[in-house]
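have a look at this fold, sequence not included:
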């Protein structure tokens with residue numbers, strides 16, 4: 001599945017309402033089915049900026065500098081990254097995601113999805129996927145929390161801010177040891193019959209990048225345990241200069 005799949009999810013929800021089969025219950029079922037399919041496929045979000053023309057320079061251009069004058073990347077990495085601290089990142093330098101979940105007890109790497117997300121499976125039947133996207137400038141709105149809410153609204157307009165819950169992932173550091181954390185927002189819904197799925201996301205407006213993690217499990221209790229593993233082992237890696 002292409003990384004624009006999340007955009008397609010939003011359109012799926014809209015189509016469900018526009019085919020004459022109205023009613024909140026039916027619309028919700030359509031959206032949830034699409035969300036479940038996206039979670040199980042490990043989809044993430046890619047948001048190209050339609051206002052930016054893709055052109056090739058006529059002559060070679062010097063590479064943009066990778067060091068921001070006066071910016072201390074080490075100091076930023078050593079502190080937790082709440083939504084309010086997003087502006088302390090270097091502009092345009094993306095975050096990354098570790099592969100630490102593969103080392104968690106009961107988990108293994110399952111390779112990459114067609115969209116390039118790193119996938120992981122556990123012994124309880126859960127599937128997790130994580131992806132970093134760059135060029136996320138169209139999502140930037142106010143602070144990082146507002147931008148992250150906009151990401152979920154891009155996924156589907158029915159995902160209102162009041163449905164999103166706060167959570168944290170590791171912000172660098174070492175698995176199993178205390179360290180800084182990074183704020184994210186979580187959206188949970190029923191995914192398949194007797195199953196449940198969660199989506200954790202953060203837009204880093206200053207960096208122009210986003211992290212999108214999906215977890216799908218056969219039961220709510222399995223999802224709770226899997227989310228705990230994700231939050232302890234899957235780290236967002238601070239930008240390095």
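Arrived safely. This is a predicted model, so every value here is computed, not measured. Numbering: from 1, shown residues only.

could you check the pLDDT of residue 116?
Residue 116 is assigned a pLDDT of 84 by the prediction.

I'd guessed it sits against residue 131; true?
Yes - taking contacts as CB atoms under 8 Å, residue 116 lies within contact range of residue 131: 6.5 Å. In short, each C-beta sits where N, CA and C put it, glycine included.

looking at these two, which one has more neighbours?
residue 131 (23 against 15; other CB atoms under 10 Å).

show the pLDDT at that one.
Residue 131 is given a pLDDT of 95.

quick one: it from residue 215, how far?
Going from residue 131 to residue 215 by CB to CB, to the nearest Å gives 13 Å.

shaky segments in the chain?
For the chain, applying pLDDT under 70 flags the ranges 1-73, 191-193, 241.

and the strands in it?
Secondary structure of the chain, counting by DSSP state E: strands at 96-97, 107-112, 118-122, 127-133, 165-171, 181-190, 196-204, 209-217, 235-237.

could you give the angle of the fifth one to strand 209-217?
In terms of direction (axes from the mean of the first three to the mean of the last three CA atoms, to 10 degrees), strand 165-171 departs from strand 209-217 by 110 degrees.

give me the angle between strand 165-171 and strand 127-133.
Strand 165-171 runs at 80 degrees relative to strand 127-133, counting by the same axes, to 10 degrees.

give me the contact list for strand 165-171.
By CB atoms under 8 Å, 6 or more residues apart in numbering, the surrounding residues in contact with strand 165-171 are 77, 80-81, 98, 100, 179-188, 200, 202, 211, 213, 227, 230-236, 238.

direction included, what does that strand pair up with?
strand 181-190 (antiparallel), strand 235-237 (parallel) (DSSP bridges).

to residue 93, which of the ones you listed lies closest?
strand 235-237 (11.5 Å; CB to CB).

buried residues in the closest one?
235, 236, 237 (16 or more other CB atoms under 10 Å).

again, but for stretch 208-219
Buried-residue list, stretch 208-219, by 16+ other CB under 10 Å: 208, 209, 210, 211, 212, 213, 214, 215, 216, 217, 218.

kindly report the same for stretch 171-190.
Buried residues in stretch 171-190 (16+ other CB under 10 Å): 171-173, 180-190.

before we move on, what about stretch 91-103?
Buried, per 16+ other CB under 10 Å, within stretch 91-103: 92, 93, 94, 95, 97, 98, 100, 101, 102.

so what's the last one closest to, chain neighbours aside?
With CB to CB, 6 or more residues apart in numbering as the criterion, residue 102 has its nearest non-adjacent residue at 4.2 Å, and that residue is residue 109.

ditto for the first one
Counting by CB to CB, 6+ apart, residue 92 lies nearest to residue 208, which is 5.4 Å off, once chain neighbours are set aside.

so where do the helices sit in this protein?
Along the chain, the stretches classed as helices by DSSP state H are 5-18, 24-41, 73-78, 144-155, 220-233.

wait, residue 219 touches residue 195, no?
Yes - Residue 219 is within contact range of residue 195, at 6.8 Å (criterion: CB under 8 Å).

with distance to residue 150 added, can I get the strands of the chain in CSV?
Formatted as CSV, the strands of the chain follow (distance: least, CB to CB, whole Å):
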stretch, distance to residue 150
strand 96-97, 20
strand 107-112, 27
strand 118-122, 24
strand 127-133, 14
strand 165-171, 16
strand 181-190, 11
strand 196-204, 7
strand 209-217, 10
strand 235-237, 19
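
which of those sits closest to residue 156?
Nearest of the strands of the chain (CB to CB): strand 181-190, 9.4 Å.

okay if I get the buried residues of stretch 91-103 as JSON lines plus distance to residue 137?
As requested, these are exported to JSON lines (distance: CB to CB, whole Å):
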{"residue": "92", "distance to residue 137": "9"}
{"residue": "93", "distance to residue 137": "14"}
{"residue": "94", "distance to residue 137": "12"}
{"residue": "95", "distance to residue 137": "15"}
{"residue": "97", "distance to residue 137": "20"}
{"residue": "98", "distance to residue 137": "25"}
{"residue": "100", "distance to residue 137": "28"}
{"residue": "101", "distance to residue 137": "28"}
{"residue": "102", "distance to residue 137": "31"}
